[in-house]
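Visitor: Sequence first, predicted coordinates after that:
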Amino acid sequence: MADSSGQRHGGGVPRPGRGHLRIYLGSAAGVGKTYAMLNEGHRRAERGADVVVGFAEAHARPHTSALLDGLEVIPRARLEYRSAAFEEMDLDAVLARRPEIALVDEFAHTNVPGSRNSKRWQDVEELLDAGIDVISAVNIQHLESLNDVVEKITGVPQRETVPDAIVRAADQVEMVDMTPEALRRRMAHGNIYPPEKIDAALTNYFRSGNLAALRELALLWLADKVDEGLQRYRTEHQISGAWEARERVVVALTGGPEGKTLIRRAARIAARSSGGDLLAVHVTKSDGLTGADPASLADQRRLTESVGGTYHQVVGDDSPDALLTFARAENATQLVLGASRRSWAAAMLTGPGIGSRTIRGSGDIDVHIVTHAQMGRGRGLPRRRGAITRRRKVAGYVLAAALLPVLTVLLAVLRNDLNLTSDVLMYLTAVVLVALVGGFAPAVLTAVAGSLLLNYYFTPPIHKFTIAEANNALAIGVFVAVAILVSSVVDIAARRTKQAARANAESELLTTTAGSVLRGQQGLSALLDRAREAFGMDSVTLLECQGKMGPWKVIASRGEPAVTRPDEADVEVPVTDSLTLALRGRPLPATDRRVLGAFASYAAVALDQQQLAAEAKAAKPIAAADRMRTALLAAVSHDLRTPLASAKAAVTSLRSPDVNWTAEDHDELLATADESLDRLAHLVDNLLDMSRLQAGALSLFPRPAGLEEIVSSALDNLDPAARGVTVDIPESLPEINVDPAILERVIVNLTENALRYSPAGQPPLLTASSLGDRVELRVVDRGPGIPEKDRDRMFVPFQRLGDTDNTTGVGLGLALSRGLTEAMGGELTADDTPGGGLTMTVSLPAAAEPGGQPEPGQRERESAGGSSQ
């Protein structure tokens, strides 16, 4: 996979005479970057190019070293630092040689102090400025922007980094890819590291999960760089339409219950295209009053991220415009919306909805309208307004102003064909239409104006505001009364509809919130967020009075500014004698206060649940201690009696006057008593240490110490059977910051356990290596191993995992070892031994070096941690 756009990304057009940079990018050491770099050098040389090797690190790999043959290698410069000799690229020699192409390995390497440049990439910049093309290699973990991410994945900090902009500016970046399984096989065959470092690498940095994550990082970084070049090309050529080079699916979320359906549908659409992206977006109003449920949005965000998408939030008062602006900025190819919740009548009155307006402006972006079970059901609490909206009232006045003149002219033309009764009915129809559109006030105005028009134009005497016949006066009076009554009925119906919609929204809001609180799914903060959104307030605070007259304590608060006393709030609702719900933003009508009272009750329940959860959490250690005591009594009932009985029997026999013991029998009985009492002392020490660990009362005295000395002392305390243990502790390991006596006990426990299960002729191996700022000690056995599902249980006190041999103890060894290790700031983990068996790894903090500066040879010592390129 390569980016070879032919442009210097981030740097514009190449300057005349400046060289070109090609970089081979890898996910980890050993994927073949140096091999590919040398291979490319041979290919260029065969085509007649002048190629030299400025610096290449073969790491004693025979296949890589073989590629150096046939290429001119510039001798390295030797530098002295702290009485040690180091080799670096001879930059001056390469510049003096002035080849067409220079092969320079390890792009992120830190030069030895005293070199012209502190970093090798700065050396490369000088070569490029001199007009020399450079081919180099770098691993993904050395990119500055990914440094913390790689450390989280692997646990190994990377001290050698290169700015992303430098790598992005390369003319070509090509990825040398290899699957984690193939890379681990290459490692196991000895093609990457020497044999003594293979086990450490496979069980640490080169775990399958680590390699898969690093590979994904490298692929995504390169894909983003390719996309960066594509976007630059589109900008330079003024291309505004969507290019479907990669499917980008945007799904619009409102926080409603249909959100999960939309996310899953959008994820399926994105999955149909290899490498498709999913982007979820929520549009908030500029005033922040969205009515969306924060808890629902949080759930939908987690769902989006779980299916590989990203979540975004944009601000815009025009939702369709905001959606389309975001989609075009992300070069989206498809947009997924939920079907409208509005009824057909609401759509007729208020015009096209968000979906229709989005489709109208989408251009070449495909828009999917997804149906769902929640169509027609709102989630927000409607703001309390009049029965008829201002927009409808304005529409009613406009309709009346337009309809009455037109109707009057039409009836005047038909004067000879219609009588007064027909005229009255026509004006009554106009009043009804205006009432349906604008409500009571425009309809009454229409009725009054219509009666005047009827009187002036159609009631004898015409063109006068007098009525000659009583019958006509009665007709006009009935017309006005009927018109007012009809207007009133329409207005009441609209008001009842509005009230019903609000009642339905209140019911749904309260039911959903109550269910979430009772099920414990919605915390106190989320509940306050929901109240703030539903009532359109700036902040909601739950206050507790510490005494009869105060002071007040803020239990929980959402929004700004927070309220610290009830008298600072615009609305306050008592919850209990000591709790008050205080809101700031605007006064609330009585109907809203009724619903707010229910929220206050829910807040009290949520607070009780929160306090009960805290009490339950605090009770867990007590319950665990009780279980520990019960298990202790059950476990030691036999194990304490056995050594006591053996010792007592031996001593009683020795004291018996009825038997004359030979010297040999006498010594054997003393040895039995001594061995039994030693076992009893060891058991009691373990029990006491486990008790101290549980109580947090274990005293530690950490100091810098050498691991080799501690291991040697621990093996001296073991039985003669431990003489067969193989020990491989490098002398170059840094000191560790531990309590030597405590670590010695851990090593004794782990080695005894390994000896117990190791087959004859295959003694355990104790080996160690340095990984970043940690030192790892591994106790390796070739026994039966432990299934992965049981590995957590093996560290629980009083567990033998089916071992019925009570002479081996009460099952405290591994539990105590892990507790002691963690007390020293370390970790104890169990892994499979390659080829069969169990490897116990003790990871401990290395002692800080004086001055805090890494040695120039740090990279070589950390090669098992993947920092070697």
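Guide: Thanks, I have it.

Visitor: where exactly do the strands run in the stretch 451-600 of the chain?
Guide: For the stretch 451-600 of the chain, the strands defined by DSSP state E, counting those that start in this stretch occupy 539-545, 552-559, 571-574, 579-584.

Visitor: To Ala66, which of the ones you listed lies closest?
Guide: When those are compared by C-beta to C-beta, strand 552-559 sits nearest Ala66, at 66.6 Å. All C-beta spots, glycine's among them, are computed from the backbone N, C-alpha and C.

Visitor: about what we covered before: may I see the strands of the stretch 451-600 of the chain arranged in a markdown table, with mean neighbour count and distance to Glu615 as well?
Guide: Formatted as a markdown table, these follow (neighbours: other C-beta atoms under 10 Å; distance: least, C-beta to C-beta, whole Å):
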| stretch | mean neighbour count | distance to Glu615 |
| --- | --- | --- |
| strand 539-545 | 23 | 17 |
| strand 552-559 | 18 | 16 |
| strand 571-574 | 18 | 25 |
| strand 579-584 | 23 | 18 |
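
Visitor: For the closest residue to Val394 other than its chain neighbours, give me phi and psi.
Guide: Spatial nearest neighbour of Val394, excluding adjacent residues (C-beta to C-beta, 6 or more residues apart in numbering): Gly438 at 7.6 Å. Dihedral pair for Gly438: phi -110, psi -10, per degrees, to the nearest 10.

Visitor: Tell me where the stretch 751-869 of the chain has helices.
Guide: 813-823, 858-861 (DSSP state H, counting those that start in this stretch).

Visitor: Which of these has the lowest mean pLDDT?
Guide: Mean pLDDT per stretch puts helix 858-861 lowest among those, at a mean of 40.

Visitor: Present the strands of the stretch 451-600 of the chain as CSV; the columns should include distance to Leu527 and mean pLDDT.
Guide: Listed next are the strands of the stretch 451-600 of the chain as CSV, based on distance: least, C-beta to C-beta, whole Å; pLDDT from 0 to 100:
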stretch, distance to Leu527, mean pLDDT
strand 539-545, 9, 87
strand 552-559, 9, 85
strand 571-574, 14, 83
strand 579-584, 10, 87
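
Visitor: out of the ones you listed, nearest to Ala218?
Guide: Taking C-beta to C-beta, strand 552-559 is the member of those nearest to Ala218, at 41.1 Å.

Visitor: quick one: the helices in the stretch 501-650 of the chain?
Guide: Remark: helices assigned in the stretch 501-650 of the chain by DSSP H, counting those that start in this stretch are 524-535, 590-639, 641-655.

Visitor: Go through those and pick out the most buried.
Guide: Stretch with highest mean neighbour count among these: helix 524-535 (a mean of 23; mean count of other C-beta atoms under 10 Å).

Visitor: just checking, what packs against that helix?
Guide: helix 294-306, helix 470-518, strand 539-545, strand 552-559, strand 579-584, helix 590-639 (3 or more C-beta pairs under 8 Å, 6 or more residues apart in numbering; DSSP states H and E).

Visitor: Not counting residues beside it along the chain, what's closest to Ala56?
Guide: Nearest residue to Ala56 in three dimensions, chain neighbours excluded: Asp105, at 4.6 Å (C-beta to C-beta, 6+ apart).

Visitor: which stretches of the stretch 51-200 of the chain form strands?
Guide: Per DSSP E, counting those that start in this stretch, the stretch 51-200 of the chain carries strands over the ranges 51-55, 72-73, 77-81, 84-88, 101-104, 133-139, 172-176.

Visitor: give me the low-pLDDT residue ranges for the stretch 151-300 of the chain?
Guide: Along the stretch 151-300 of the chain, the model assigns pLDDT under 70 to residues 196, 231, 234-235, 238-246, 273-275, 285-293.

Visitor: Repeat the analysis, applying 90 as the threshold.
Guide: 151-161, 163-165, 168-169, 171, 180-210, 213, 216-248, 253-261, 264-278, 281-300 (pLDDT under 90).

Visitor: Give me the distance between the closest residue to Arg558 other than its chain neighbours and Thr541.
Guide: In space, and not counting its chain neighbours, Arg558 is closest to Leu528: 4.2 Å by C-beta to C-beta, 6+ apart. For Leu528, the distance to Thr541 equals 8 Å [C-beta to C-beta, to the nearest Å].

Visitor: if I look at those two, which residues touch both of them?
Guide: Common contacts of Leu528 and Thr541 (C-beta atoms under 8 Å, 6 or more residues apart in numbering): 556-558.

Visitor: which of those residues lies closest to Leu743?
Guide: Closest approach between the shared contacts of Leu528 and Thr541 and Leu743, by C-beta to C-beta: Ala556, at 45.2 Å.

Visitor: what residues are up against that closest one?
Guide: Counting by C-beta under 8 Å, 6+ apart, the residues that Ala556 touches are 524-525, 528, 541-542, 607.
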